[in-house]
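> Predicted structure and sequence below. I'll ask about it afterward.
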Amino acid sequence: MSEESERETNPPPPPPCPTVSQREQWMVESQVFQIYQLFATIPRNAQTLMLELQRDNHMQYVSKGLRHLSSAFSVLDANRPWLCYWIFHSIALSGESVDDELEDNAIDFLNRCQDPNGGYAGGPGQMPHIATTYAAVNSLITLGGEKSLASINRDKLYGFLRRMKQPNGGFRMHDEGEIDVRACYTAISVASVLNILDDELIQNVGDYIISCQTYEGGIAGEPGSEAHGGYTFCGLATMILIGEVNHLDLPRLVDWVVFRQGKECGFQGRTNKLVDGCYSFWQGGAVALLQRLSSIINKQMEETSQIFAVSYVSEAKESLDGTSSHATCRGEHEGTSESSSSDFKNIAYKFINEWRAQEPLFHSIALQQYILLCAQEQEGGLRDKPGKRRDHYHTCYCLSGLSLCQYSWSKHPDSPPLPNLVLGPYSNLLEPIHPLFNVVLGRYREAHEFFFTES
Amino acid sequence: MESGSSEGEEVQQRVPLRERVEWSDVTPVPQNDGPNPVVPIQYTEEFSEVMDYFRAVYLTDERSPRALALTAEAVQFNSGNYTVWHFRRLLLESLKVDLNDELEFVERMAAGNSKNYQMWHHRRWVAEKLGPEARNNELEFTKKILSVDAKHYHAWSHRQWALQTLGGWEDELNYCTELLKEDIFNNSAWNQRYFVITRSPFLGGLKAMRESEVLYTIEAIIAYPENESSWRYLRGLYKGETTSWVNDPQVSSVCLKILRTKSNYVFALSTILDLICFGYQPNEDIRDAIDALKTADMDKQDLDDDEKGEQQNLNIARNICSILKQVDPIRTNYWIWRKSRLPLSA
């Protein structure tokens, strides 16, 4: 091989002041490390108290929202099914449920959000919207029971999804609304869990999402946009649900996601952005899904190494006889792609029933530490990061991420983890979730039985 | 996903709708919340009234200037209400409003809260209707927002849409360069740079730009080897042409340079690891630099690295995983997994 000569380049002297990214990052690190240092210096029993999930306070915080929200919530007036979902899911993660009266009121309210032509609006009298449809459906599944599940008009909902679908594979969020990867996920997720997913809804969705995987490896909201944790979860989950996950560059996706967990122990949403508790689920969820795809990932890694092993030999050969081997290499690459199973109706169910034990690819103890010490507010509710205010959204996704951490080593999706895998007292243990839908596992199973049993 | 939630500005000394003569013929429609709604929001009287009147005109599909004015009030109260924005677009079309005025309206809205999907979707719709004449407005609008928040996701997505639909590529690479000069850690600017070099009709595409972009990126890497953005960008420059990436001496050379500094070398090491997995054969300089990073206790765990041929590369890759496991503990599980998945032909 030719000897590599080192390039002599004198980099310009670094600027006298740190950049805004560096300043903001160091500020957050300082806050977080201060908490960790304080934690390290206190007695063990005090440490246990700090690591305790303030379950009762969190439940009080979210439950109150079911009965009363201040006028400040007017800015979420088009997101009331989301408020339902964030609250009901948080309660279910705690292993609790609401009383019959509240359950009936919730079903009635969501029915008033259900459009006569299918789908759920962000509030009564508003247009149906795919994201709030996802929130409403997940809320009703989380409530459980025949009355709740039967209230969903699946036929009309299917019609709504078909009307929102675009030729390029994307979905509009609402009539003439915006198109992005969130809409793909919320549409496909709802169709999958309700057993109304078909070839028409799936058509070209994979192509759209593939066009959103960026050079970084993560997935963006639209083709060309920046790789982002929320869209990465949505894109990856969608590709799994439609049976086309093998078309993503999974090794690059894995590498991108695992690098989103930083020294603060939590996940950031994008490269060089700040840590945020909600990515405990969006990024933690993505890595949890990837963990279950190890056979496909291994196959992709073997295929690429074989291709380029051959390519390397061809390269050496090329220097001898001067012929180009690019065509051969490209042909082989094309030949390695295989069409996956088209039995998409059973994918979500099999995903949790054909669960192969695999060590987590992220640091689940560290993430639990971030959630419990930095994202948790002692008086109830969870938040983005220290210094930020608690809200229902972050409470829901921090708790969801915490659940993923606790079960990340489990041999079966709902087999209880060993105590050393649950940071803090074992009473911190939450209910397991179905990672493709972010619904508590028991409620998913009930819904699956309801919607998939031939009646 | 970013959830924006800041309250819009309330109009001062606002006259209630029920006291305005022009609305005297309309019967407001209360929200159909049912007797015992959950997640009940304690609306202010003003909020309730505006929404009640909105429902009235929305249900009757009234296409009138007063309805248009009402939608403006409604989105002031809640800029996330996609139904109001949707109806506003229907009105703008029916009433044949000058959409340049609408651009100004959106800019006033953005001053209060620019982080919701609905406002940006509306902006895109307006600009699309206006066509190429909106080009400068859209680039200036996004530039203004990015000058305050250089990583604003919606603003960048809108800017990309504007470039593709309305044009204005000529100065975009310079714009990226300026932003990166201010903040080399601005991953959004790196992403935009990639967008430009791959899609601009003036630059000839990735292959044509690779050489100059590699030089630019290597300089950024050397200045800040801990900056993940530049390393990922460098990898992206060879997207779809991994053979070129493996064989380009500039790549392994910059890795070697960083390794020898013995600081901030996580990305350099992981790049060498990836290169080996794709068939790269590390030379003696690289091997020596890696050996210099090993700690005493690490030597005992690793295989004999005196072997030659195929086994040698495998051992180097294994050693890299072991080093990374030590210096990058948050990703311990990942590096263990990578070690277990090393291709046999490495």
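Alright, I've got the coordinates. Numbers count the residues shown, from 1 in each chain, chains lettered A, B, ... in the order given.
> Of all the helices and strands in the chain, which has the lowest average confidence?
With no chain named, the answer covers chain A. helix A:326-336 (a mean of 31; mean pLDDT, DSSP states H and E).
> Correction: the question concerned chain B.
Lowest mean among helices/strands of chain B [mean pLDDT, DSSP H and E]: helix B:296-301, a mean of 64.
> what residue ranges in the chain score low on pLDDT?
Here I'm looking at chain A. Along chain A, segments meeting pLDDT under 70 span A:1-16, A:306-342, A:355-357, A:454-455.
> nope, chain B
B:1-12, B:299-310, B:345-346.
> list the buried ones in the next helix or strand after the least confident helix or strand of chain A?
Per DSSP states H and E, the first helix or strand lying C-terminal to helix A:326-336 is helix A:347-353. By 16 or more other Cβ atoms under 10 Å in any protein chain shown, the buried positions in helix A:347-353 come out as A:Ile347, A:Ala348, A:Tyr349, A:Phe351, A:Ile352. Using the backbone N, CA and C atoms, a C-beta is placed for each residue, glycine as well.
> Please report how far the one residue in chain A that gets nearest to chain B lies from B:Tyr216.
Of all residues in chain A, A:Tyr215 sits closest to chain B, at 2.9 Å by Cβ to the nearest Cβ. Look at A:Tyr215 and B:Tyr216: by Cβ to Cβ, to the nearest Å, they are 15 Å apart.
> So between these two, which is more surrounded?
A:Tyr215 (22 against 18; other Cβ atoms under 10 Å in any protein chain shown).
> For the more buried one, identify the helix or strand it belongs to.
Going by DSSP H and E, A:Tyr215 is not in any helix or strand.
> From the centroid of chain B, which residue is nearest?
Nearest to the geometric centre of chain B sits B:Tyr153, at 4.6 Å (Cα atoms, centre = their mean).
> I'd say that one and A:Ala220 touch.
No: B:Tyr153 is beyond contact range of A:Ala220, at 9.2 Å (criterion: Cβ atoms under 8 Å).
> intersection of neighbour lists for the two?
A:Glu226, A:His228 (Cβ atoms under 8 Å, 6 or more residues apart in numbering or on different chains).
> which residue does the stretch 201-346 of chain B bring closest to chain A?
The stretch 201-346 of chain B approaches chain A most closely through B:Gly236 (2.9 Å), counting by Cβ to the nearest Cβ.
> Any figure for the gap between that residue and B:Glu284?
B:Gly236 is 29 Å from B:Glu284, by Cβ to Cβ.
> Quick one: residues contacting A:Gln47.
A:Phe39.
> just B:Gly236 next, same as before
A:Thr214, A:Tyr215, A:Glu216, B:Tyr194.
> Neighbours of the third one, how many?
To tie it back to what came earlier, the one meant is A:Glu216. Counted with other Cβ under 10 Å, A:Glu216 comes out at 29.
> show me what contacts it?
Residues in contact with A:Glu216 (Cβ under 8 Å, 6+ apart) are A:Ala227, A:Arg252, A:Trp256, A:Thr271, B:Asn191, B:Arg232, B:Gly236.
> Which ones among these lie within helices?
A:Arg252, A:Trp256, B:Asn191, B:Arg232, B:Gly236 (DSSP state H).
> How about the second one, nearest residue that isn't a chain neighbour?
Sequence neighbours aside, A:Gly217 is the residue nearest to A:Trp256 in space, at 3.4 Å (criterion: Cβ to Cβ, 6 or more residues apart in numbering or on different chains).
> Look at that neighbour and give its secondary structure.
Secondary structure state of A:Gly217, per DSSP: H, G, I helix; E, B strand; the rest coil, is coil.
> B:Cys321 versus that one, what's the distance?
In terms of Cβ to Cβ, A:Gly217 sits 19 Å off from B:Cys321.
> try B:Pro201
Counting by Cβ to Cβ - B:Pro201 and B:Cys321 are separated by 43 Å.
> Between these two, which is the more surrounded one?
Remark: of B:Pro201 and B:Cys321, B:Cys321 carries more neighbours, 23 against 11, as counted by other Cβ under 10 Å.
> for the helix or strand encompassing that one, packing partners?
Following DSSP H and E, the helix or strand that holds B:Cys321 is helix B:310-327. Counting contacts by 3 or more Cβ pairs under 8 Å, 6 or more residues apart in numbering or on different chains; DSSP states H and E, helix B:310-327 packs against helix B:266-277, helix B:284-291, helix B:296-301, helix B:332-340.
> Tell me which of these is the most buried.
Greatest average neighbour count among those goes to helix B:266-277 (a mean of 22), per mean count of other Cβ atoms under 10 Å in any protein chain shown.
> Are there helices or strands packed against that helix, and which ones?
Looks like helix B:266-277 contacts helix A:294-321, helix B:228-236, helix B:249-261, helix B:284-291, helix B:310-327 (3+ Cβ pairs under 8 Å, 6+ apart).
> hmm, 7 Å instead?
On a contact count with 3 or more Cβ pairs under 7 Å, 6 or more residues apart in numbering or on different chains; DSSP states H and E, helix B:266-277 meets helix B:228-236, helix B:249-261, helix B:310-327.
> So which residues make contact with the second one?
Residues external to helix B:249-261 that are found in contact with it (Cβ atoms under 7 Å, 6 or more residues apart in numbering or on different chains): A:4, A:6-7, B:214, B:218, B:221-222, B:225, B:245, B:265, B:268, B:271-272, B:275, B:280, B:285-286, B:289-290, B:293.
> Report the buried residues of it.
Buried residues in helix B:249-261 (16+ other Cβ under 10 Å): B:Pro249, B:Val251, B:Ser252, B:Ser253, B:Val254, B:Cys255, B:Leu256, B:Lys257, B:Ile258, B:Leu259, B:Arg260.
> Any chance of TSV for these, columns distance to A:Asn153?
Shown next, in TSV, are these (distance: Cβ to Cβ, whole Å):
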residue	distance to A:Asn153
B:Pro249	63
B:Val251	56
B:Ser252	60
B:Ser253	63
B:Val254	59
B:Cys255	58
B:Leu256	63
B:Lys257	63
B:Ile258	59
B:Leu259	62
B:Arg260	66
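> Name the nearest residue to the residue of the stretch 51-200 of chain B found nearest chain A, sequence neighbours excluded.
Using Cβ to the nearest Cβ, the closest approach of the stretch 51-200 of chain B to chain A is made by B:Phe185 at 3.5 Å. Computed as Cβ to Cβ, 6+ apart, the closest residue to B:Phe185 that is not its neighbour in sequence is A:Ser21, at 3.5 Å.
> quick one: secondary structure of the one you found?
helix.
> So which residues on the stretch 51-200 of chain B come close to chain A?
Taking Cβ under 7 Å from any Cβ of the partner chain as the contact definition, the stretch 51-200 of chain B meets chain A at B:55, B:77-78, B:80-83, B:86, B:117, B:121, B:151, B:153, B:156-157, B:160, B:182-188, B:191, B:194-195.
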